[in-house]
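Trainee: Give me a model of this one.
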Amino acid sequence: MMRHVGTVPFPPEKPFAEMYCSGLLELNNGTLMMFAFACSAAEVKVIDGRMHYIYPDPGTMDLCLRSTDGGESWSTPVNLDGPPYSDTNWMFAKDTDVETSKVQIRDGRIFRLSRPFYSPFMWESWSDDDGLTWTPAARGAFPMYACTEAMVCTSSGAVLIGGRFPGLAVQVSYDDGLTWKCYRIDATGGCANGAMYEIEPNVVLFIYGGWHTPDQLRCQTLRVTPAGLVPVRRTLESQ
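Mentor: Below you'll find the predicted structure:
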């Protein structure tokens with residue numbers, strides 16, 4: 001049963017008009033985290049056949065909300081682009097980032113990558129205190145327009161994230177996000193929104209949409225090995 005559990009407050013200097021959820025993450029200690037992005041009311045203009053989203057300040061903010069009581073109550077928003085925030089040690093305005101992919105890696109830290117509107121690279125930040133604070137957002141290690149639910153940490157500690165570019169691709173890290181290896185697994189580059197699940201140790205099911213999702217819903221099963229990502233061939237049992 002759906003019920004109201006609270007209101008998300010923002011200070012007067014951040015008069016966001018809309019907020020969109022990017023999914024939930026349950027930590028090893030049971031803490032629930034809801035990731036979202038808030039944005040000012042955008043004006044959409046089409047100039048020379050190109051669509052432009054024009055956001056008045058403050059534009060957008062990637063955030064998380066925390067719950068330690070199973071979702072009965074939630075924290076105030078925590079900015080995923082962490083401090084420093086000061087007049088003497090300020091940061092340049094950053095490109096608009098929106099939907100967030102997130103995972104808890106084997107040492108307990110939380111790693112998030114947010115897909116950009118305009119910049120080629122993902123935005124990356126980390127938390128080592130269960131999402132209470134975050135590092136300043138920085139350019140990620142690779143370009144991708146990632147699916148919000150397509151990021152997992154496998155039993156062996158490998159981190160996978162899937163999304164658009166090049167084609168439909170999966171990036172794999174064996175060293176907790178320090179270095180990455182890219183595997184292009186499909187030619188579709190349209191919607192491609194999807195989700196990843198570890199269905200058995202080091203075997204990941206990746207479900208994603210095709211050009212006319214969900215009419216062309218697709219899936220692949222991928223095994224993580226020390227030598228790399230290997231497709232798992234599965235056949236249907238005969239009736």
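
Trainee: Output the contacting helices and strands for the helix or strand containing L205.
Mentor: Under the criterion of DSSP states H and E, L205 resides in strand 203-208. When contacts are defined as 3 or more C-beta pairs under 8 Å, 6 or more residues apart in numbering; DSSP states H and E, strand 203-208 packs onto strand 145-153, strand 159-164, strand 194-200, strand 218-225. (Each C-beta comes from the backbone N, C-alpha and C, glycine too.)

Trainee: neighbouring contacts of stretch 115-123?
Mentor: 53, 62, 81, 94-99, 101, 113-114, 137-146, 163 (C-beta atoms under 8 Å, 6 or more residues apart in numbering).

Trainee: hang on, the earlier thing: now do the strand holding L205 against strand 159-164: the angle between them, please.
Mentor: Counting by axes from the mean of the first three to the mean of the last three C-alpha atoms, to 10 degrees, strand 203-208 lies at 20 degrees to strand 159-164.

Trainee: Which one of the helices and strands packed on strand 203-208 lies nearest to D69?
Mentor: Counting by C-beta to C-beta, D69 lies closest to strand 145-153 out of the helices and strands packed on strand 203-208; the figure is 23.9 Å.

Trainee: Buried subset of the contacts of stretch 115-123 as a PyMOL selection?
Mentor: Buried residues among these (16 or more other C-beta atoms under 10 Å), as a PyMOL selection:
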select buried, resi 62+81+94+96+97+98+99+101+113+114+137+140+141+142+143+144+145+146+163
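
Trainee: quick one: which of the contacts of stretch 115-123 sit in strands?
Mentor: Here DSSP state E is the test, and those give 53, 62, 97-99, 101, 113-114, 138-143, 145-146, 163 as lying in strands.

Trainee: ok, the strand holding L205: who's next to it in the sheet?
Mentor: strand 194-200 (antiparallel), strand 218-225 (antiparallel) (DSSP bridges).

Trainee: Please dump these into TSV; it should also carry distance to C21 for every row.
Mentor: Shown next, in TSV, are these (distance: least, C-beta to C-beta, whole Å):
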stretch	distance to C21
strand 194-200	14
strand 218-225	23
